[in-house]
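>>> structure of the sequence below:
(one chain, ligands or ions: 1)
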Amino acid sequence: HYLKKQDIYSIMQQHGYKDYENAIKYYSEALELNPSNAIYYSNRSLAYLRTECYGYALADATKALEIDKNYIKGYYRRATSNMALGKFKAALKDYETVVRVRPNDKDAKMKYQECNKIVKQKAFERAIASDEIKKSVVDSLDIENMTIEDDYVGPKLEDGNVTVKFMEEMMEWFKDQKKLHRKCAYQILVQVKDLLAKLPSLVEITLKETEKITICGDTHGQFYDLLNIFKLNGLPSESNPYLFNGDFVDRGSFSVEVILTLFGFKLLYPNDFHLLRGNHETDNMNQMYGFEGEVKAKYTAQMFQLFSEVFQWLPLAQCINNKVLIMHGGLFSEDGITLDDLRKIERNRQPPDSGPMCDLLWSDPQPQSGRSISKRGVSCQFGPDVTERFLEQNKLDYIVRSHEVKAEGYEVTHSGKCVTVFSAPNYCDQMGNKGAYIHLRGADLKPEFHQFTAVVQQLHANRPLGYQRPLLVQTNI
Ligand SMILES: [Mn+2]
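Model (predicted):
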């Protein structure tokens, strides 16, 4: 049978444009029957964009243009893919083409101008970066002498310290969508930077027989869902330890609230509250997906700079009882990487384009053996055999990673050796997924899964994109 374009549209319509995974499946089937259809490639590219498979999205848009170089939507898709991959110059070239062919298209013009702005800004940043020694924002702050206005009735640190009372008040304050005083925010950031900088790149902890830890995946600025986790699973404490596995910020509109809450708990319980870096705790991602804009809107550009410095000190991996290894993304582009290699990573930087630090933040598992090109266009995908060899060489039982939205909030793959956990339910207000967290007990180190659903809309009703840059949105051209 021949799958017509209208059929596919109606399928997508039925699924309310939510079921992108299915859309990809249908377009792939359609392409098997009709491999020279530029529109199918272009449409599948859009579905890949929606599921954050920017590498695949770029490949499909490129393919669509190979088939039909006059297919204007193909240029749009390729530009969007390149934007998402941080390849702004390549994106600009395609936006130029669109604007030339459609001079009256306002949306295309807006995107061209915004992309042009980013390209210029990047060039400027590069130009000034060379003749300026990187100084910490902390050196230019005089936090002691920042005054807290008399009319501020929100939470304050007690004698400069985060306390249980402060944390409870701060979470209540954030719940009402009120802003923590900038002095308090700076106090937290400076203290947490010092604390994180003392940690190794691979954190190693021991759980006693009777002890339990909760591992959470991506939270992505979904503050109300974070509060829900604490409601369901108890507030963090010495006897209720947590590990949050990266991607705390971006996407959701309450990234500032999420990250200040997590940093506060890190200060309160430094040995029993753990944070690992995700691929979104980076400048490139924060610029595109909302966090930089959010910090600028709620505070200042200078405060974003300090966040960026703090993120660079987040550890990259954690090992429990020498048996379970946790990281945000996954395993490596080459065999033979040892835990000792991870200990030696100099992490105080923006992640490189390749190598173990990049892989820890970016890679994904795949069902087939071996390794493949990344669907995201960064790092790689690793198969069950790769996982098996890595675990054997390092005498580990299994890995826990996050980084991918899963319908059930978690997924067990590679014969139980690779576990994914994701804690942002109804991701971006549209994915319809559950969230999950994992309990791990010292006695057996078996993962025990707990699922939960979204509590509220994450994005402001009048800001459907939150603070994310509109360039990443496809309009119907
Ligand atoms: Mn991620």
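
>>> output stretch 232-242 as CSV, restricted to C-alpha atoms.
Output of stretch 232-242 as CSV, limited to C-alpha atoms (Å, rounded to 0.1, in the frame of the first residue of the first chain):
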residue,chain,number,x,y,z
LEU,A,232,6.3,12.0,47.5
ASN,A,233,9.8,11.0,48.6
GLY,A,234,10.6,13.3,51.5
LEU,A,235,12.7,16.3,51.8
PRO,A,236,16.5,15.8,51.4
SER,A,237,18.3,15.2,54.7
GLU,A,238,21.3,13.2,56.1
SER,A,239,19.0,10.2,56.4
ASN,A,240,17.3,10.8,53.0
PRO,A,241,20.1,11.4,50.5
TYR,A,242,19.6,12.4,46.9
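
>>> residues in the chain within reach of the ion, list them.
Contact residues, the chain versus the ion (CB under 5 Å from the ion): Asp247, Gly278, Asn279, His403. From N, CA and C alone the C-beta is placed, and that goes for glycine too.

>>> could I get these in a markdown table, plus columns for pLDDT, secondary structure and neighbour count?
Below are those laid out as a markdown table (pLDDT from 0 to 100; DSSP: H, G, I helix; E, B strand; the rest coil; neighbours: other CB atoms under 10 Å):
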| residue | pLDDT | secondary structure | neighbour count |
| --- | --- | --- | --- |
| Asp247 | 98 | coil | 28 |
| Gly278 | 98 | coil | 30 |
| Asn279 | 97 | coil | 23 |
| His403 | 97 | coil | 26 |
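
>>> who touches His280 in this structure?
His220, Gly246, Asp247, Phe248, Val249, Asp250, Arg251, Asn286, Tyr289, Phe291 (CB atoms under 8 Å, 6 or more residues apart in numbering).

>>> switch the cut-off to 7 Å
The neighbourhood of His280, defined by CB atoms under 7 Å, 6 or more residues apart in numbering, consists of Asp247, Val249, Asp250, Tyr289.

>>> do the same with Leu243
If you count contacts by CB under 7 Å, 6+ apart, Leu243 has them with Ile213, Ile215, His274, Gln318, Ile326.

>>> let's see that with 10 Å instead.
By CB atoms under 10 Å, 6 or more residues apart in numbering, the contact set of Leu243 is 203, 205, 213-217, 272-276, 318, 320, 326, 400, 437-438, 440.

>>> so it sits in a strand?
Yes: when classified by DSSP: H, G, I helix; E, B strand; the rest coil, Leu243 is found to be part of a strand.

>>> any idea what it is bridged to?
Ile215, His274 (DSSP bridges).

>>> quick check, Gly431 in contact with Asp218.
Just to correct that, residue 431 is Met rather than Gly. No: between Met431 and Asp218 there is no contact under CB atoms under 10 Å: 11.5 Å.

>>> still on that earlier bit, can you turn the buried part of the contacts of Leu243 into a ChimeraX selection?
Only the buried members of the contacts of Leu243 enter the following ChimeraX selection, criterion being 16 or more other CB atoms under 10 Å:
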select :203,213,214,215,216,217,272,273,274,275,276,318,320,326,400,437,438,440
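
>>> and Glu125, helix, strand or coil?
Per three-state DSSP, the secondary structure class of Glu125 is helix.

>>> returning to what we had before: let's see which of the contacts of His280 end up in helices.
Among those, the ones falling in helices (DSSP state H) are Tyr289.

>>> for the stretch 301-450 of the chain, which segments count as helices?
Secondary structure of the stretch 301-450 of the chain by DSSP state H, counting those that start in this stretch: the helices cover 301-311, 339-343, 356-362, 384-393.

>>> which single one of the contacts of His280 is nearest to Thr97?
Comparing the contacts of His280 against Thr97 with CB to CB places Tyr289 closest, at 25.5 Å.

>>> from Asp218, how far out is that closest one?
The gap separating Tyr289 from Asp218 is 12 Å, by CB to CB, to the nearest Å.

>>> which residues are in contact with both of those two?
The contact sets of Tyr289 and Asp218 overlap at Asp247, Asp250, Arg251, Gly252, His280 (CB under 10 Å, 6+ apart).

>>> so Asp272 sits against Lys212, correct?
No: with contact defined as CB under 10 Å, Asp272 does not reach Lys212; the gap is 11.3 Å.

>>> now the common contact residues for those two.
Joint contacts of Asp272 and Lys212 (CB under 10 Å, 6+ apart) are Ser239, Asn240, Pro241.

>>> out of those residues, give me the one that has the most neighbours.
With neighbours taken as other CB atoms under 10 Å, the top of these is Pro241, carrying 20 neighbours.

>>> now Leu58: how far from the ion?
18 Å (CB to the ion, to the nearest Å).

>>> how many neighbours does the nearest residue to that residue once chain neighbours are set aside have?
Spatially, and ignoring its direct neighbours in sequence, Leu58 is nearest to Ser81 (3.8 Å; CB to CB, 6 or more residues apart in numbering). Ser81 has 29 neighbouring residues, counting by other CB under 10 Å.

>>> residue numbering should commence at 125 henceforth.
Sure thing, new numbering starts at 125, so read that last one as Ser205.

>>> which ones are touching Ser205?
Contacts of Ser205 by CB under 10 Å, 6+ apart are 169-170, 172-173, 177-186, 211, 214-215, 218, 501, 596.

>>> and for Glu532?
Contacts of Glu532 by CB under 10 Å, 6+ apart are Thr544, Phe546, Asn557, Lys558, Gly559, Ala560, Phe573, Gln575.

>>> give the buried residues for stretch 302-312.
Residues of stretch 302-312 classed as buried by neighbour count (16+ other CB under 10 Å): Leu304, His305, Arg306, Lys307, Cys308, Ala309, Tyr310, Gln311, Ile312.
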